[in-house]
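>>> quick one, fold the following:
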Amino acid sequence: MAIFDFLDKERTVAGSGFNRWLVPPAALAIHLCIGMAYGFSVFWLPLSRALGIKESLACPADMDLLAKILSSSCDWQISMLGWMYTMFFVFLGLAAWLFGGWLEHAGPRKAGVVSAVCWCGGLVISALGVYQHQIWLMWLGSGVIGGIGLGLGYISPVSTLIKWFPDRRGMATGMAIMGFGGGAMIGAPLADKLMKFFATPDSVGVWQTFLVMAAIYFVFMMAGALSYRVPPTGWKPAGWTPPAKANANTMITSRHVHASKVWGIPQFWLVWLVLCLNVTAGIGILGMASPLLQEIFAGQLLGVNVAFNDLTLAQKGQIAAIAAGFTGLLSLFNIGGRFVWASCSDFLGRKATYGIFFVLGIALYGLIPSMAHGAQLALFVGFFCIILSMYGGGFATVPAYLADLFGTQMVGAIHGRLLTAWSVAGVFGPLLVTYIREYQIAQGVPKAQAYDITMYLLAGLLVIGLLCNLMVRPVADRHFMSEAELAAEKKLAHERDAAASTGNAVASNGVTSPAAVAFGWLAVGIPLAIGVWLTVQKAAVLFK
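Take a look at the predicted model:
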């Protein structure tokens with residue numbers, strides 16, 4: 001329809017005076033919103049007593065699962081609500097895979113708008129699910145539809161940023177993907193305040209919170225999507241000279257692989273395993289960080305030598321607050337690692353950066369049990385902070401790794417296919433950590449020692465990841481597109497030559513106003529700074 005022509009990719013080609021530094025805040029605006037997926041656990045406890053309000057209204061013991069799903073007369077168990085977290089990342093990976101090719105042709109603006117509609121529309125459907133007390137509506141709304149929005153929003157800026165920053169691929173993707181890690185820092189405190197504001201004797205305030213957050217996120221995501229611009233074909237930063245040919249040492253190619261061919265290329269599957277194993281090791285710990293610290297150190301966190309099961313309720317409340325600070329500290333390192341490690345990869349190379357992740361991770365996981373048994377709290381916390389920085393860094397570095405190996409033409413679609421590794425890791429990692437812990441405890445192992453085998457097992461997974469990374473080599477010539485195939489793909493992608501493009505700049509005369517750039521960065525920087533400050537305050541309890 002003509003009314004939506006402004007979403008077409010050819011209408012987003014930038015003019016010669018466009019400032020590329022307006023693109024990262026546009027990407028951050030979307031990633032900071034969809035990153036709330038990491039913070040959805042803030043809703044679990046209130047939703048588990050949505051009917052009982054003060055206490056959960058338990059379902060009859062003989063009620064089967066289907067009846068619980070359809071029931072509007074008893075409260076949901078947290079384990080049922082937690083499935084939404086798994087669905088987020090399963091559908092994120094599936095959507096990124098299925099729609100990655102469409103995104104390359106439709107452009108980041110259209111993909112960003114669809115992402116906003118799906119993510120925010122999913123929240124609205126979830127609000128209806130809470131209001132009607134039908135959990136299947138929440139699964140459908142935020143889990144499935146919202147998960148599709150996550151996938152499209154996550155990969156929408158990747159190809160564009162890499163093309164705008166060929167000289168700093170890692171830094172550019174790190175800036176955007178940092179936002180996904182930081183979304184929960186902003187969203188979780190906001191959700192907590194909104195739930196308290198809307199809470200009444202008859203409501204825990206969740207459905208109202210969903211609607212307000214959907215409205216706020218829709219404004220930010222639409223602003224980000226409409227601010228996207230793509231560079232014209234042949235554009236490059238002033239003063240930068242691209243490599244004349246593929247570099248065997250850094251494996252940066254100047255040619256391009258079609259996304260449809262990557263399934264049959266060994267390097268793709270090696271990088272798939274590299275990401276999957278790095279994420280598996282990190283995501284399982286991220287989800288269990290609070291109980292892990294409490295059960296291992298227990299009374300030592302309060303200066304008393306008491307096991308976890310022997311603590312009083314008051315003492316357990318105190319160490320829970322300390323563990324929340326630990327979780328907050330890990331989230332800061334997760335976010336910071338996305339930018340720092342990805343930026344470092346521009347100088348170290350992607351393969352070397354992942355090599356550091358694995359070698360250092362193997363050593364740290366292997367030493368953590370000793371730190372725990374030796375009551376070395378500071379080292380224990382420090383080790384996990386480094387591990388989580390590499391977890392985040394792995395996400396931010398992998399798009400540039402793919403661009404180096406497979407070229408930039410279809411890197412967004414290739415990245416989408418690779419994110420199926422995240423879907424697998426998002427299921428496997430938490431299950432691995434939680435079930436081994438439960439098995440150990442069931443066998444009579446003290447809670448303080450129940451994580452030892454898990455740490456050694458995660459170190460073993462990283463050994464496999466290291467071997468996979470060492471096996472990555474430059475892609476064979478036969479896999480790259482010919483000149484004719486590349487020209488056909490560029491035509492499908494509606495690309496314009498720099499000389500022929502008049503662009504669609506954000507200010508008059510085709511020149512980006514410095515005020516527009518400053519406003520863009522302030523719009524995303526201020527909420528992010530507030531989130532960081534709140535998280536620092538929460539983490540400060542660890543050092544008292």
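>>> quick one: pLDDT of Trp97?
Per-residue confidence (pLDDT) for Trp97: 91.
>>> repeat for Ala248
According to the model, Ala248 scores 43 on pLDDT.
>>> pLDDT below threshold where in the chain?
Within the chain, the ranges that satisfy pLDDT under 70 run 1-3, 243-250, 287-288, 496-510, 544.
>>> try it again with 50
Residue ranges of the chain with pLDDT under 50: 246-249, 498-509.
>>> longest helix in it, please.
helix 313-348 (DSSP state H).
>>> so what's the one residue sitting closest to the centre of the chain up against?
The chain has Phe180 as the residue nearest its centroid, 4.6 Å off, counting by Cα atoms, centre = their mean. For Phe180, the contact set (Cβ atoms under 8 Å, 6 or more residues apart in numbering) comprises His31, Leu32, Ile34, Gly35, Tyr38, Tyr154, Arg338, Phe395. C-betas here are computed from N, CA, C, even on glycine.
>>> what's in contact with stretch 366-385?
With Cβ under 8 Å, 6+ apart, stretch 366-385 has contacts from 285, 289, 293, 296-297, 300-301, 326, 329-330, 333, 364, 448-449, 451-452, 455-456, 459, 542.
>>> quick one, helices of the stretch 201-350 of the chain?
Counting by DSSP state H, counting those that start in this stretch, one finds helices in the stretch 201-350 of the chain at the ranges 206-227, 266-297, 313-348, 350-373.
>>> and Tyr131, which of those is closest to it?
Tyr131 lies closest, by Cβ to Cβ, to one member of the helices of the stretch 201-350 of the chain: helix 206-227, at 4.6 Å.
>>> how far out from the middle of the chain is the closest one?
18 Å (Cα atoms, centre = their mean, to the nearest Å).
>>> now the contacts of Phe180 in a markdown table, please, with extra columns for secondary structure and distance to Val144.
Listed next are those as a markdown table, based on DSSP: H, G, I helix; E, B strand; the rest coil; distance: Cβ to Cβ, whole Å:
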| residue | secondary structure | distance to Val144 |
| --- | --- | --- |
| His31 | helix | 20 |
| Leu32 | helix | 22 |
| Ile34 | helix | 15 |
| Gly35 | helix | 19 |
| Tyr38 | helix | 18 |
| Tyr154 | helix | 16 |
| Arg338 | helix | 27 |
| Phe395 | helix | 23 |
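>>> closest one of those residues to Lys538?
Distance to Lys538 across these (Cβ to Cβ) is lowest for Tyr38, with 15.0 Å.
>>> the closest one and Gly183 touch, don't they?
Yes. The criterion here is Cβ atoms under 8 Å, and Tyr38 meets it with Gly183 at 6.4 Å.
>>> out of these two, which sits in the busier spot?
Gly183 (26 against 22; other Cβ atoms under 10 Å).
>>> quick one, phi/psi of the more buried one?
Gly183 adopts backbone torsions of phi -60, psi -40, taken as degrees, to the nearest 10.
>>> check which residues of stretch 347-364 are buried.
348-351, 353-355, 357-358, 360-362, 364 (16 or more other Cβ atoms under 10 Å).
>>> with stretch 165-181 instead?
165-166, 168-181.
>>> pick out whichever of these sits closest to Leu70.
Phe180 (33.6 Å).
>>> tell me the angle the helix or strand where the closest one lies makes with helix 350-373.
Using DSSP states H and E, Phe180 maps to helix 169-198. Orientation check (axes from the mean of the first three to the mean of the last three Cα atoms, to 10 degrees): helix 169-198 against helix 350-373 gives 50 degrees.
>>> need the max-distance pair from the buried residues of stretch 347-364.
Spanning the widest gap among those are Gly349 and Leu364, at 22.0 Å by Cβ to Cβ.
>>> okay, now Trp422: neighbour count?
By the criterion of other Cβ under 10 Å, Trp422 has 24 neighbours.
>>> need the contact list for it.
Phe89, Leu92, Gly93, Leu275, Cys276, Val279, Phe395.
>>> swap the cut-off to 10 Å and go again
89-90, 92-93, 96, 151, 154, 275-276, 279-280, 283, 395, 398, 429 (Cβ atoms under 10 Å, 6 or more residues apart in numbering).
>>> top of those residues by number of neighbours, please.
Gly151 (32 neighbours).
>>> my guess is that one contacts Val144, does it?
No. Applying Cβ atoms under 10 Å, one finds Gly151 not in contact with Val144, separated by 11.2 Å.
>>> Three-state assignment for the residue lying closest to Ala67 once chain neighbours are set aside, please.
Once flanking residues are discounted, Ala67 sits nearest to Cys59: 7.9 Å by Cβ to Cβ, 6 or more residues apart in numbering. Under the three-state scheme (DSSP: H, G, I helix; E, B strand; the rest coil), Cys59 adopts coil.
>>> gap between the two ends of stretch 58-77?
8 Å (Cα to Cα, to the nearest Å).
>>> list the buried residues in it.
Under 16+ other Cβ under 10 Å, the buried positions of stretch 58-77 are Cys59, Lys68, Ser71, Cys74, Asp75, Trp76.
>>> kindly format the C-alpha coordinates of stretch 147-166 as PDB.
C-alpha atoms of stretch 147-166 as PDB (Å, rounded to 0.1, in the frame of the first residue of the first chain):
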ATOM      1  CA  GLY A 147       9.500 -13.900  20.600                       C
ATOM      2  CA  ILE A 148       9.100 -13.200  16.900                       C
ATOM      3  CA  GLY A 149       9.500  -9.500  17.600                       C
ATOM      4  CA  LEU A 150      12.600 -10.300  19.600                       C
ATOM      5  CA  GLY A 151      14.200 -12.100  16.700                       C
ATOM      6  CA  LEU A 152      13.400  -9.400  14.200                       C
ATOM      7  CA  GLY A 153      14.400  -6.600  16.500                       C
ATOM      8  CA  TYR A 154      17.600  -8.300  17.500                       C
ATOM      9  CA  ILE A 155      19.000  -8.800  14.000                       C
ATOM     10  CA  SER A 156      17.500  -5.700  12.300                       C
ATOM     11  CA  PRO A 157      20.500  -3.400  12.900                       C
ATOM     12  CA  VAL A 158      23.300  -5.900  12.400                       C
ATOM     13  CA  SER A 159      23.800  -5.800   8.700                       C
ATOM     14  CA  THR A 160      23.200  -2.000   8.600                       C
ATOM     15  CA  LEU A 161      25.700  -1.300  11.400                       C
ATOM     16  CA  ILE A 162      28.400  -3.500   9.900                       C
ATOM     17  CA  LYS A 163      28.000  -1.600   6.500                       C
ATOM     18  CA  TRP A 164      28.100   1.800   8.200                       C
ATOM     19  CA  PHE A 165      31.200   0.800  10.300                       C
ATOM     20  CA  PRO A 166      33.400  -1.400   8.100                       C
END
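>>> buried ones in that stretch, by neighbour count?
For stretch 147-166, the neighbour count (16+ other Cβ under 10 Å) marks 147-166 as buried.
>>> among those, name the ones in strands.
If you go by DSSP state E, the buried residues of stretch 147-166 have nothing in strands.
>>> between the host helix or strand of Trp119 and helix 206-227, how many degrees?
Using DSSP H and E, Trp119 falls within helix 108-132. With the same axes, to 10 degrees defining the directions, helix 108-132 sits at 170 degrees from helix 206-227.
>>> and after helix 108-132, which helix or strand comes next?
helix 135-138.
>>> what about the helices in the stretch 351-500 of the chain?
Using DSSP H, counting those that start in this stretch, helices in the stretch 351-500 of the chain cover 377-406, 411-418, 420-442, 452-470, 483-492.
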